[in-house]
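Participant: could you look at this predicted model? Sequence included:
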Amino acid sequence: MGKKLNSLEDLGGFVFSTNKDFEFENEETTETPENGEQRLEAHLDKKNRGGKIATVIKGFEGNDDDLKTLAKKLKTLCGVGGTAKDGEIIIQGNFRDKIMEYLNKEGYKVKRVGG
């Protein structure tokens, strides 16, 4: 049995119109702040990775294209794989110091979090 919906907001932004000429306009473009305005955190993570270490960069603000571009640069710098989603960049392996050095050169404010 599903959750009872109490209002239109419970539909999660779903729009329905009986107007056949209705056009949905999605003007939700996120501007990416300058590098110096970004406050990133560099984490090392082992959870849910089969005991393997990953470097996680959190706190990126901006659109997904800029996030993926930065992730690609970091993956190329380290020569490993990774992913970018939900404002986080996950790089396979322990490359926190190398990534922090690169991000500092690019003007980002990076904070080391954890051991």
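Facilitator: Noted; the coordinates are in hand.

Participant: that's a strand at residue 80, yeah?
Facilitator: No: counting by DSSP: H, G, I helix; E, B strand; the rest coil, residue 80 falls outside a strand, being coil.

Participant: show me what contacts the residue nearest to it when sequence neighbours are not counted?
Facilitator: Residue nearest to residue 80 in three dimensions, not counting chain neighbours: residue 92, with 4.7 Å by CB to CB, 6 or more residues apart in numbering. Quick note: C-beta positions are derived from backbone N, CA and C, even for glycine. Under the criterion of CB atoms under 8 Å, 6 or more residues apart in numbering, the neighbours of residue 92 are 52, 54, 55, 80, 81, 82.

Participant: does the residue lying closest to residue 55 once chain neighbours are set aside have beta-bridge partners, and which?
Facilitator: In this structure, residue 55 finds its nearest non-sequential neighbour in residue 91, 4.4 Å apart by CB to CB, 6+ apart. Beta-bridge pairing for residue 91 (DSSP bridges): residue 55, residue 82.

Participant: my guess is residue 91 contacts residue 77, does it?
Facilitator: No: the criterion here is CB atoms under 8 Å, and residue 91 misses it with residue 77 at 9.0 Å.

Participant: which one of those two has more residues nearby?
Facilitator: Using other CB atoms under 10 Å as the criterion, residue 91 and residue 77 rank with residue 91 on top: 25 against 15.

Participant: any stretches of this structure with poor pLDDT?
Facilitator: Low-confidence segments of the chain, defined by pLDDT under 70: 1-5, 7-17, 24-29, 115.

Participant: one more time with 90, if that's ok
Facilitator: In the predicted model, the chain carries pLDDT under 90 at residues 1-38, 45-51, 61-64, 85-87, 114-115.
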